[in-house]
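K.L.:
what shape does this take:
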Amino acid sequence: MGHNHGHDHSHGANKRVLLISFIIITLYMIVEAIGGLLTNSLALLADAGHMLSDAISLGLALLAFKLGEKAANYSKTYGYKRFEILAAVLNGVTLVLIALFIFYEAVQRFQNPPEVASTGMLIVAFIGLLVNILIAWIMMRGGDVEENLNIRGAYMHVISDMLGSIGAIIAALLMIFFGWGWADPLASVIVAALVLRSGYYVTKSGLHVLMEGTPQNVNMEDVIQTIKKTKGIQGIHDLHVWSITSRLNALSCHAVVDGKMSIAETERLLQQIEHDLVQKNIQHITIQLETPAHLHDDSILCKVKGESAEHHHN
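P.N.:
Numbering: from 1, shown residues only. Below you'll find the predicted structure:
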């Protein structure tokens, strides 16, 4: 068997970014909620609700990083790294629920537009925009918003929130200059649509990982050809590629080799495959070597059928 444990355990920068963002968002969420209640603005309350989900998601993300550092044990052989994905899914579902609630409230307000203190709303929304720009900048500069699903989920919250603040500012200006009371619920609907979109994509990405889906940054055909072209490999089967968590992809397969190969030759063969697969975004590799006698057909993927767990090769 060959293993590659060269994955990165350094979460320091991401944790620091999350902690700073969590403190700033939590403090301003309280300010915006009070502002929304005082001005009677649904757009501000929607944004405050979104910021509450931001604070919850950032808190979960921090907890996920902390748990992810716990060592693997006999009960959790991969450690607690998958908790990060669970946090991301919970984050996404929270966004969807908040969006649906905002839609419901907006419909009520379209039917009966209430009086809104638009000047106060404008001031609170503008400060909210500055806060979100600051947090987005902190995340872009210090966090891994591209590869880490947890950080990306939190970042998507902040971007949606920033757009929500812009919507609230526009709504306040329309009410101040034109007296359009419907601008407030309209702005909240736009916020809700953005929140819903973010929630959908974060949830979808998280569920893909939980379903052991092929990682987005792995080309299966490329991986198969990389193993097959290695000198000494006669064929592969029972191939699986999945994500344990963000930036930690795993592969397992059975590889057929000449039964006359020496132990030293098979070791060199495994080292070569591992080296090549790291370049293909696979960090954890397990390969079972077999002689041609074990190979019943030349299929690559496998299917476990029924309770007997009998393997049938496609």
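
K.L.:
residue 242 against residue 215, yeah?
P.N.:
Yes. Counting by C-beta atoms under 8 Å, residue 242 touches residue 215, with 7.2 Å between them. Every C-beta, even on glycine, is put in place using the N, C-alpha and C of the backbone.

K.L.:
now list whatever residues contact both of the two.
P.N.:
residue 249 (C-beta atoms under 8 Å, 6 or more residues apart in numbering).

K.L.:
quick one, which of the two is more surrounded?
P.N.:
Using other C-beta atoms under 10 Å, the more surrounded residue of residue 242 and residue 215 is residue 215, with 21 against 17.

K.L.:
ok but that one is inside a strand, no?
P.N.:
No. Counting by DSSP: H, G, I helix; E, B strand; the rest coil, residue 215 is not part of a strand but coil.

K.L.:
OK, contacts around it?
P.N.:
Taking C-beta under 8 Å, 6+ apart, we find residue 215 in contact with 241-243, 249, 281.

K.L.:
grab the two from those residues that are most spread out in space.
P.N.:
242 and 281 (12.3 Å; C-beta to C-beta).

K.L.:
quick check: neighbours shared by these two?
P.N.:
215, 249.

K.L.:
quick revisit: in strands only, show me the contacts of residue 215.
P.N.:
241-243, 249 (DSSP state E).

K.L.:
take those and lay them out in JSON lines including pLDDT.
P.N.:
Output for the ones in strands among the contacts of residue 215, formatted as JSON lines (pLDDT from 0 to 100):
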{"residue": "241", "pLDDT": "92"}
{"residue": "242", "pLDDT": "91"}
{"residue": "243", "pLDDT": "88"}
{"residue": "249", "pLDDT": "90"}
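
K.L.:
of the residues you listed, which is the nearest to residue 40?
P.N.:
Residue 40 lies nearest to residue 243 out of those, by C-beta to C-beta, at 45.6 Å.

K.L.:
so how far is residue 82 from that closest one?
P.N.:
As judged by C-beta to C-beta, to the nearest Å, residue 243 and residue 82 stand 9 Å apart.

K.L.:
what touches both of these two?
P.N.:
residue 209.

K.L.:
more neighbours: which of the two?
P.N.:
Of the pair residue 243 and residue 82, residue 243 is the one with more neighbours under other C-beta under 10 Å, namely 27 against 19.

K.L.:
ok, which stretches of the stretch 151-300 of the chain are strands?
P.N.:
Assigned by DSSP state E, counting those that start in this stretch, the strands in the stretch 151-300 of the chain fall at 233-245, 248-257, 284-290.
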